[in-house]
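> Here is my input; please provide its structure:
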Amino acid sequence: MSIYYDEEGDFLEIMFGEPISDYGDHVSKDIVLFRNQETDKIIGVGIFNFKQHTKELSNLKLDLPVEVNLSALKV
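Prediction:
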């Protein structure tokens with residue numbers, strides 16, 4: 001899993017697994033799901049205007065519109 005935050009653009013990106021070809025599927029104004037271009041499986045999520053969706057960054061909790069099955073990841 002990789003997490004990237006662009007403070008200037010106020011964009012948070014969380015990706016699962018190794019980088020692959022993907023496309024974005026906007027599910028709301030500020031939420032985009034990244035999908036595998038070949039299988040359509042969700043491989044990540046992006047949140048625009050991230051600070052607006054958090055009350056306090058030190059106590060961060062987000063309800064994302066995806067389920068994550070970590071048991072499928074190889075360690």
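> Quick check, central residue of this protein?
Residue closest to the average C-alpha location in the chain (Cα atoms, centre = their mean): Val45, at 2.0 Å.
> and the residue nearest to Asn36 when sequence neighbours are not counted, what does it touch?
Closest residue in space to Asn36, ignoring its immediate chain neighbours: Ile43 at 5.3 Å, by Cβ to Cβ, 6 or more residues apart in numbering. No exception for glycine: its C-beta is placed from N, CA and C like everyone else's. Residues counted as contacts of Ile43 (Cβ atoms under 8 Å, 6 or more residues apart in numbering) are Met15, Phe16, Gly17, Ile20, Asp22, Phe34, Arg35, Asn36.
> Please work out which residues outside the helix or strand containing Val32 touch it.
Following DSSP states H and E, one finds Val32 within strand 31-36. Residues outside strand 31-36 that contact it (Cβ under 8 Å, 6+ apart): 13, 15, 20-27, 41-48, 64-66.
> Narrow those residues to those that are buried.
Glu13, Met15, Asp22, Ile42, Ile43, Gly44, Val45, Gly46, Ile47, Phe48 (16 or more other Cβ atoms under 10 Å).
> Show me the contacts of strand 31-36 that map onto helices.
Per DSSP state H, helices hold no members of these.
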